[in-house]
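Q: Fold the following for me, if possible:
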Amino acid sequence: MKQQYSRREILKLLGVTGIGAALLPLNAFHPVQSSMMQRIIPSSGEKLPVVGLGTWQQFDVGTDATVRAPLKQVLQEMVRLGGKLIDSSPMYARSEEVIGDLTTETAHANDFFYATKVWTRGRQEGIDQMNASLKKMRRKTMDLMQIHNLVDWQTHFITLRKWKEEGKIRYIGITHYTDSAHEDLEKILVKEKPDFVQFNYSIRERNAEKRLLAAAKDTGVAVIINEPFEKGELFGLVKGKSLPSWAAEYDINSWGQYFLKYIISHPAVNCVIPGTSNPKHVADNMGAGYGKLPDEAGRKKMITHLQQV
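A: Prediction:
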């Protein structure tokens, strides 16, 4: 049986620390595992890798090649390490267009799972906006079209179901990013049974654990998690702090992976979408999709430790 090593064990065996550790090949930082963990989309049986990419702010850039270069590298690293889902929205200004341009420039344009949103009121306005998103992201078919922040959701659900029947989109979803919307999201899941729901959830902001995560699992709706780092506030909380020694038991090699693995370890979660424009950060984020996950006791220990730092 082939022995599997965590990043810490590899570094210890090699006697590498500090800058030398940063220079090791990235795949040395993950346990020996053929691919990222995947979860099944209940409505189809298709599998989706558990870590994806959010693009709010980070991908809202101009046409300057120097500015776009690290974003292209982010996409390349993401797909190399097994990530697929890229989430965007017309609300994110130029992000959809940048995604379309950069994915087309790579050799992996058809290896991603493209998700965007409709964020307007009115039937025809929604149709026009979604057609524009397809054009900007250079897709003939969108993998996932979501209703952004519940805006005119009754109207858009009618259009989305028609588009799904016609093959213009593969999956239908609905999103929000605040705890106050969780009750409405739960009601919509029960009534409409979309393919996906996207909402906020983190190791500190756990309102979704009260009912929404269970409701998604019970209704067979796949879950995408946004705001996993609470707009970066979690990193401020642990700045200058070392990981607990027991984090290695769950193949956690950074605070980013600590926060992401807490989320991924919930059985109702299909994919978490941390946003970044930094290739090193996306590599670290993708690493959360490899190795062991905490069990319920481990999850509680993670919460308690964070409360004490």
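
Q: Give me the distance from stretch 271-284 to the chain's centre.
A: 9 Å (Cα atoms, centre = their mean, to the nearest Å).

Q: Next, the buried residues of that stretch.
A: By 16 or more other Cβ atoms under 10 Å, the buried positions in stretch 271-284 come out as Cys271, Val272, Ile273, Pro274, Gly275, Thr276, Ser277, Pro279, His281, Val282, Ala283, Asp284. Placement of C-beta: from N, CA and C, glycine included.

Q: Which residue, other than its chain neighbours, is closest to the second one?
A: By that I understand Val272. Leaving aside its sequence neighbours, Val272 sits nearest to Ile225 (Cβ to Cβ, 6 or more residues apart in numbering; 4.3 Å).

Q: How about the one you found: which residues does it bridge to?
A: Applying DSSP bridges to Ile225 gives these bridge partners: Phe199, Val272.

Q: Touching, it and Leu260? I think so.
A: No - between Ile225 and Leu260 there is no contact under Cβ atoms under 8 Å: 9.1 Å.

Q: Now for these two: what residues contact both?
A: Jointly contacting Ile225 and Leu260 under the rule Cβ atoms under 8 Å, 6 or more residues apart in numbering are Val272.

Q: which other residues reach the longest helix that the chain contains?
A: When the chain is parsed with DSSP state H, its longest helix is helix 65-80. Helix 65-80 is contacted from outside by 26, 52-53, 58-59, 61, 86, 98, 101-103, 105-106, 108, 111-112, 276-279, 282-283, 286, using Cβ under 8 Å, 6+ apart.

Q: Secondary structure element for Thr103, which one?
A: Per DSSP states H and E, Thr103 falls inside helix 95-105.

Q: Hmm, I typed the wrong one, I wanted Ser35.
A: Element membership for Ser35, per DSSP H and E: none, as it lies in no helix or strand.

Q: pLDDT below threshold where in this protein?
A: For the chain, the stretches with pLDDT under 70 are 1-33.

Q: Name the residue closest to the centre of it, please.
A: Ile273 (1.8 Å; Cα atoms, centre = their mean).

Q: got a list of what that residue touches?
A: Applying Cβ under 8 Å, 6+ apart, the residues near Ile273 are Val51, Gly52, Leu53, Gly54, Leu85, Asp87, Gln198, Ile224, Ile225, Asn226, Pro228.

Q: Can you show me the strands along the protein?
A: Under the criterion DSSP state E, the chain contains strands at 38-40, 47-49, 53-54, 85-87, 113-118, 142-147, 169-175, 196-200, 222-226, 271-272.

Q: related to what we said a few turns ago, for the longest helix of the chain, buried residues please.
A: Arg68, Pro70, Leu71, Lys72, Gln73, Val74, Leu75, Gln76, Glu77, Met78, Val79.

Q: ditto for stretch 53-65
A: Leu53, Gly54, Thr55, Trp56, Gln58, Phe59, Asp60, Val61.

Q: Mind listing the residues bridging to the first one?
A: Note on Leu53: beta-bridge partners Ile86, judged by DSSP bridges.

Q: Correct me if wrong: it contacts Val282.
A: Yes - the criterion here is Cβ under 8 Å, and Leu53 meets it with Val282 at 6.8 Å.

Q: Pull up the overlap in contacts between these two.
A: In contact with both Leu53 and Val282: Val74, Met78, Gly83, Thr276, using Cβ under 8 Å, 6+ apart.

Q: want to throw the residues you listed into JSON lines with distance to Pro42?
A: JSON lines is the format used below for the shared contacts of Leu53 and Val282 (distance: Cβ to Cβ, whole Å):
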{"residue": "Val74", "distance to Pro42": "29"}
{"residue": "Met78", "distance to Pro42": "24"}
{"residue": "Gly83", "distance to Pro42": "21"}
{"residue": "Thr276", "distance to Pro42": "28"}
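
Q: of all those, which two lie farthest apart?
A: Pairwise distances across the shared contacts of Leu53 and Val282 peak at 11.4 Å for Gly83 and Thr276 (criterion: Cβ to Cβ).

Q: Mutual contacts of these two, please.
A: Leu53, Val282.

Q: picking that back up, what's the closest of the buried residues of stretch 271-284 to Leu234?
A: For the buried residues of stretch 271-284, the nearest to Leu234 is Pro274 (10.7 Å; Cβ to Cβ).

Q: so what's that closest one up against?
A: Taking Cβ under 8 Å, 6+ apart, one finds Val51, Leu53, Gly54, Pro228, Phe229, Gly256, Leu260, Asn285 in contact with Pro274.
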